[in-house]
Structures are given as structure tokens and as C-alpha cells.
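# Predicted model and sequence follow; I will ask about them next.
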Amino acid sequence: MPTLEILAAVDILRRHLPELRVRVINVVDLMTLQDQAEHPNGLSHRDFDTLFTTDKPIIFAYHGYPWLIHRLTYRRTNHKNLHVRGYKEEGTTTTPFDMVVRNDMDRFHLVADVIDRVPQLGSRAAYLKQWLRDRLIEHQHYIIEYGVDMPEVTQWRWGQPRTPPEVKNNSHGCRLPCLQPITLVAAKKPGCYSRLNSTCITLIPPARNMPAQLAR
């Protein structure tokens, strides 16, 4: 679920804030977050910094308690910019998407986190933030009335063509300049439904010496 919501959040960002550079990193083993001196599967500080950068905001959506990610990364250079969304022990008998909404790990909360952590956006993203709030309100009304998640959530697929919603870029209608990068991460608890543990989305300009498959 975190991986799906991260990708859906990136889809929203690409449609509404195309100038924002996005990198998606799939973390299969959580132990790679540790230093290689602490765990054989860990990344060196150099490799970790190449992927996560040394000074850009990171948003990490984890299918578990957020403190675990902080414990695994507290020695990393950019730990101060790491923001983890995870299980807050919020939940009830409800829909699958509403569970992630209750824990602030859904696509709409994640996009809002990006807006809050990119200083250059400021008031220019106010229309988008209001649109995100409206989508969450619509979600609540829909599940109360029908007992299932909205079709736009259950039927979402990566890369599907769609017309962007009526959301203005800013009060003047002009395009946004190239924005400061930011990182988003999604993760599952080890052994939960699949071997996938985490996915990282990094909104940063590609490094000059980065392999092409990682710079996309």
C-alpha cells in the first residue's frame, strides 16, 4: 500500500508541479538503510548520499512504526531532513484506502507534505493544497455513503492518461520555476504481503555521475 500511494502521489506532482524533479527508489531490504559497517547488506555513506542526497527533504512512507526508520538512519548525513509517515495505531473497520488516510500515509497527505517542505512553493501551491483537502473530504463522504473506496482510488494505474483537474498553478496563472528537490520514501514491514520493504521517491536533480536508470 505505501508503494502504491507514493506512486500515486508522484503522479499528482507530475501533473500539477511538472517543474519539480522526482526520483523513485525501491528499497527491497530495510537493512540497506544502515551503514555497511553495521550490517552486511548496508550501503556505504557515499552510496546512501548519492541516492538520498545530503541536504534535500525526504518523505518516507513506511508500513510500520516510523521510529524504526529513524533508528536505522540516524547516522546518515541527511537524517535531519528525513520525515517518516507510518503506522500511528489509527484504524477501525473501514476501507483499505481509509486506513492509510487515518495514518496520513495516503497520496493526498504525501503531496501536502511535499508542498510543506519545498520553500519555493509557498502560496503558489495554495490551490493544490485546497484541492487535496477537498479530495479527502470527498473520500470521507463517499465511504460513508457507499462503504467502499472511490473509483479514482481503486482504479488508479501508473501512467494512465487523464485530464488534469481544474487546479491553478498559482494566483497569477504562470508556470512555476525549477523547484528545490525533495525525497519521498515508501516502505512495508518485512514479510508483510510481499518481500518489498520500501520505496523511496526523491525529488532532486539527477547527479552527473548517476547511472541512467537511477536518474530517471
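Perfect, I can see it now. Numbering: from 1, shown residues only.
# contacts, neighbours, all on C-alpha from now
OK.
# all helices in the protein, in order from the N-terminus.
2-16, 45-52, 66-73, 96-102, 107-117, 126-146, 151-154, 212-215 (DSSP state H).
# Tell me the gap between the second one and the middle of its chain.
This means helix 45-52. Chain-centre distance of helix 45-52: 18 Å, with C-alpha atoms, centre = their mean, to the nearest Å.
# try stretch 71-85
Counting by C-alpha atoms, centre = their mean, stretch 71-85 comes out at 15 Å from the chain centroid.
# Compute the first-to-last residue distance for it.
End-to-end distance of stretch 71-85 (C-alpha to C-alpha, to the nearest Å): 14 Å.
# Likewise for stretch 146-154?
Stretch 146-154: ends 14 Å apart by C-alpha to C-alpha.
# For stretch 101-115, buried residues please.
101, 103-115 (16 or more other C-alpha atoms under 10 Å).
# nope, stretch 123-133 is what I was after
124-129, 131-132.
# and which of those residues is nearest Asp49?
Checking these against Asp49 by C-alpha to C-alpha gives Ala125 as the nearest, at 28.6 Å.
# right, and that closest one touches Ile115 too?
Yes - applying C-alpha atoms under 8 Å as the test, Ala125 and Ile115 come out as touching, 6.9 Å apart.
# shaky segments in the chain?
The chain contains residues with pLDDT under 70 at 162-216.
# Now Phe108. Nearest residue, chain neighbours left out?
With sequence-adjacent residues excluded and distances taken as C-alpha to C-alpha, 6 or more residues apart in numbering, Phe108 is closest to Leu132, at 5.5 Å.
# let me redo that: Ala112
Of all residues not flanking Ala112 in the chain, Lys129 sits nearest, at 6.3 Å (C-alpha to C-alpha, 6+ apart).
# what's the distance between the one you found and Glu145?
Counting by C-alpha to C-alpha - Lys129 and Glu145 are separated by 25 Å.
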